[in-house]
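1. Structure, please.
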Amino acid sequence: MSHIRLDIRDHIAVITLDSPPVNAVSAPFMEEMIRAIDTLNDLDEVRVGVITGAGKVFCAGADIKSRATATFEPGERWAHSRRAREMSYSMIECKKPLIAAINGPALGAGLGIAASCDILLCSDNAVIGLPEVDVGLMGGGKHTMRICGHSLTRRMMMTGYRVPGAELYRRGIVEACVPREELMPLAMAMASEIASKSPIATRMAKHAASTIEHMTLRDGYRFEQNLTAELSGTNDSREAMRAFAEKRAPVFTGT
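-> So this is what the prediction gives:
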């Protein structure tokens with residue numbers, strides 16, 4: 001049974017979480033997700049990815065029902081935790097920009113998937129939350145800290161509070177909160193805008209943003225300057241400058 005759908009068109013890869021009824025995260029789900037993201041890295045025709053959920057839920061998090069009755073062999077819990085970490089790392093380290101189109105609840109591990117994307121959009125029926133405190137688990141706090149503030153993160157971790165889409169937008173956690181039927185058109189329009197840029201430049205921009213996030217100002221700025229020097233030697237950089245001077249749209253080749 002497939003849990004992840006991958007569709008590619010016009011330089012955009014749409015990854016759909018499709019594990020009915022609520023796109024819960026299981027071991028096969030994580031393996032397929034990692035494989036889908038790794039595939040994006042190796043496809044030159046893909047310049048950006050959009051991640052969304054099938055149905056009315058983005059991702060409800062860990063498959064609690066199966067875990068409640070599961071018996072783990074020695075070593076299996078460690079392997080499961082490692083898969084969960086690697087799923088997030090695969091997204092954060094993906095060479096291509098990723099847009100989360102959060103079309104409903106994104107809870108626990110589902111919040112982690114959304115937070116591992118570069119740009120977050122949501123529908124007005126979306127919520128994010130950390131229900132772990134109510135189901136005897138722990139995790140997701142560090143992902144939440146990447147996109148939420150000190151007090152809100154702790155409120156979510158300690159009470160299970162679910163933040164609605166309108167509040168996510170008000171707090172600046174997502175770039176937009178729109179009616180559900182407008183979410184994917186908005187995500188695809190943003191993806192198309194990114195896909196129109198030099199793929200080298202967008203890859204470097206993501207690499208820079210992910211790397212400088214935990215650097216000092218001096219080290220981060222120096223890192224960006226080094227990438228600028230590297231980018232300036234590409235054909236795409238020269239084409240961008242020529243197009244700007246000639247007042248025309250650039251034609252990028254990815255070289």
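2. hey, where'd the helices end up in this protein?
-> Taking DSSP state H as the criterion, the chain contains helices spanning 27-42, 64-68, 76-92, 109-115, 141-147, 150-159, 165-170, 180-195, 199-212, 217-232, 235-246.
3. Just put those in a markdown table and tack on distance to Ile4.
-> The way it works is simple: take the backbone N, C-alpha and C, and place the C-beta from them, glycine included. Shown next, in a markdown table, are the helices of the chain (distance: least, C-beta to C-beta, whole Å):
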| stretch | distance to Ile4 |
| --- | --- |
| helix 27-42 | 4 |
| helix 64-68 | 18 |
| helix 76-92 | 11 |
| helix 109-115 | 11 |
| helix 141-147 | 19 |
| helix 150-159 | 26 |
| helix 165-170 | 24 |
| helix 180-195 | 17 |
| helix 199-212 | 21 |
| helix 217-232 | 31 |
| helix 235-246 | 31 |
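4. Just name the most buried of those helices.
-> For these, the largest average neighbour count (mean count of other C-beta atoms under 10 Å) is found in helix 109-115, namely a mean of 27.
5. For that one, C-alpha coordinates in PDB please.
-> Presented in PDB, the C-alpha positions along helix 109-115 are these (Å, rounded to 0.1, in the frame of the first residue of the first chain):
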ATOM      1  CA  ALA A 109       4.600  14.400  13.600                       C
ATOM      2  CA  GLY A 110       2.300  16.100  11.100                       C
ATOM      3  CA  LEU A 111       3.400  19.500  12.600                       C
ATOM      4  CA  GLY A 112       7.000  18.300  12.200                       C
ATOM      5  CA  ILE A 113       6.400  17.700   8.500                       C
ATOM      6  CA  ALA A 114       4.900  21.200   8.100                       C
ATOM      7  CA  ALA A 115       7.700  22.900  10.100                       C
END
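6. Show me what that helix is packed up against.
-> Where contact means 3 or more C-beta pairs under 8 Å, 6 or more residues apart in numbering; DSSP states H and E, helix 109-115 is packed against strand 48-53, helix 76-92, strand 98-102, strand 127-129, helix 141-147.
7. looking at the protein, which helix or strand does the model trust least?
-> In the chain, no helix or strand scores lower on mean pLDDT, DSSP states H and E than helix 64-68, which sits at a mean of 65.
8. wait, what's in contact with the residue nearest to Lys96 when sequence neighbours are not counted?
-> Leaving out its chain neighbours, the residue that sits closest to Lys96 by C-beta to C-beta, 6 or more residues apart in numbering is Leu40, at 5.1 Å. Taking C-beta atoms under 8 Å, 6 or more residues apart in numbering, we find Leu40 in contact with Ala13, Val46, Gly49, Cys94, Lys95, Lys96.
9. Specify which member of the residues you listed is nearest to Gly254.
-> Nearest to Gly254 among the contacts of Leu40: Val46, at 11.1 Å, using C-beta to C-beta.
10. what's the pLDDT at the closest one?
-> As predicted, Val46 sits at a pLDDT of 97.
11. Please consider this matter closed, and thank you.
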